[in-house]
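Peer 1: Okay, here's the prediction I keep looking at, along with the sequence it came from:
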Amino acid sequence: MKFVSYRSQTTIHLGILVENQILSLNRLYDLYKEQLPQDWSLPTDMKELIEQSEATLPYLESLLNCYEDSDQPSISLSEVEVLAPISNPEKIICVGLNYLDHCRETNMDPPSSPVIFSKYANTLIGNQASIELPINSNQVDFEAELAVVIGKEAKCISEEEAEDYIFGYTIMNDVSARDLQFADGQWSRGKSADTFAPIGPAIVTKEEVGNPHQLEITLRLNDELMQHSNTENLIFKIPYIVSFLSQSMTLKPGDIIATGTPPGVGMGRDPQVWLKEGDQLSITIERIGTLLNDVRTSNSTKTMHK
């Protein structure tokens, strides 16, 4: 299943994405709740859905099957605002330099262990929302990435156990202000400006994705292909990353782990390519979907230059 968060008028809802149509969980529940246990209630947000997923997913699959056998109406994506599928993760963890060709284009040696940094919740935006160029950078770059969404609490787990702790996968654009990233000597500020983590449009359950190491990944900038690779080229595979992180920190349901970007980023090109107002970005990952975002100058920047 593909789960989305969306805003209709002033209310935020959860839905299931089926062929570019949203099935409202509230609507499904109202229609078919008599077929569910009386003591079961619908999750109120994505984190709660993930936390309760072992018990909840079978019920949601039943609701979806009921819907598919009926002629009830769905919601077009164009009718609502699709939000970041999860807005309140405890942690957003990123892995740097995890494709060999990306290491080469940035003139960095392949790491002997995962390079880890963090983003914060202020960076999260959804599908078709705008990436804002910050006032203090003129070297903003793009990075298409497969992101893992943790499904249950994980501490000191093995690689063999890791898949049991994964809920699903989504797309992230690890937007980066390169001038800030390298000026500071560490990456937090350059990676954590407002809007610097577009994700979505959906979280896709691991069962639907299948093997996460056989997914084509592409990024287009204004319809020009910039990044094209396959997750089979990850240096550190997903079970290793999840296990590696769990040795140091307790992973919680809803935590997001971005697994690194393939070659083709703007910094590695000659001449270099930096995002500018009006740019259109499209990231597609096989079996997950397409994440669309445009780029605009922040209101603060416009005010400073008046």
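Peer 2: Perfect, thanks for sending it. Residues are numbered from 1 along each chain as shown.
Peer 1: quick one: low-confidence parts of this protein?
Peer 2: 69-72, 300-306 (pLDDT under 70).
Peer 1: which residues of the stretch 1-150 of the chain fall in strands?
Peer 2: Counting by DSSP state E, counting those that start in this stretch, one finds strands in the stretch 1-150 of the chain at the ranges 2-8, 11-18, 21-24, 75-76, 81-83, 92-96, 115-119, 124-125, 130-133, 140-141, 144-150.
Peer 1: chain center to the first one: distance?
Peer 2: Distance of strand 2-8 from the chain centroid (CA atoms, centre = their mean, to the nearest Å) equals 14 Å.
Peer 1: Same check on the fourth one?
Peer 2: Per CA atoms, centre = their mean, the displacement of strand 75-76 from the mean C-alpha position of its chain is 22 Å.
Peer 1: so what strands line up beside that strand?
Peer 2: strand 21-24 (antiparallel) (DSSP bridges).
Peer 1: Report the buried residues of stretch 224-234.
Peer 2: 226-227, 229, 231, 233-234 (16 or more other CB atoms under 10 Å). Every C-beta, even on glycine, is put in place using the N, C-alpha and C of the backbone.
Peer 1: looking at the strands of the stretch 1-150 of the chain, which is buried most?
Peer 2: By mean neighbour count, with neighbours taken as mean count of other CB atoms under 10 Å, strand 144-150 ranks first of the strands of the stretch 1-150 of the chain at a mean of 26.
Peer 1: partner strands of it, parallel or antiparallel?
Peer 2: Note on strand 144-150: by DSSP bridges, its sheet partners are strand 166-173 (antiparallel), strand 256-258 (antiparallel).
Peer 1: what angle do it and strand 92-96 make?
Peer 2: Here strand 144-150 runs at an angle of 140 degrees relative to strand 92-96 (axes from the mean of the first three to the mean of the last three CA atoms, to 10 degrees).
Peer 1: what does strand 144-150 rub up against?
Peer 2: For strand 144-150, the surrounding residues in contact (CB atoms under 8 Å, 6 or more residues apart in numbering) are 50, 86, 94, 165-174, 199, 203, 212, 215, 217-219, 227, 231, 238, 241-242, 251-262, 283, 285, 288.
Peer 1: now the helices for the stretch 151-300 of the chain?
Peer 2: Along the stretch 151-300 of the chain, the segments classed as helices by DSSP state H, counting those that start in this stretch run 178-184, 188-191, 206-209, 238-246, 299-304.
Peer 1: who does the first one touch, helix- and strand-wise?
Peer 2: Applying 3 or more CB pairs under 8 Å, 6 or more residues apart in numbering; DSSP states H and E, we find helix 178-184 packed against helix 188-191.
Peer 1: so what secondary structure elements neighbour the helix it packs on?
Peer 2: For helix 188-191, the packing partners by 3+ CB pairs under 8 Å, 6+ apart come out as strand 115-119, strand 176-177, helix 178-184.
Peer 1: Could you list every helix and strand in contact with the top helix by length along the chain?
Peer 2: When the chain is parsed with DSSP state H, its longest helix is helix 53-68. If contacts are counted by 3+ CB pairs under 8 Å, 6+ apart, helix 53-68 sits against strand 11-18, helix 25-32.
Peer 1: can I get the ones you listed in a markdown table with distance to L133?
Peer 2: Output for these, formatted as a markdown table (distance: least, CB to CB, whole Å):
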| stretch | distance to L133 |
| --- | --- |
| strand 11-18 | 27 |
| helix 25-32 | 35 |
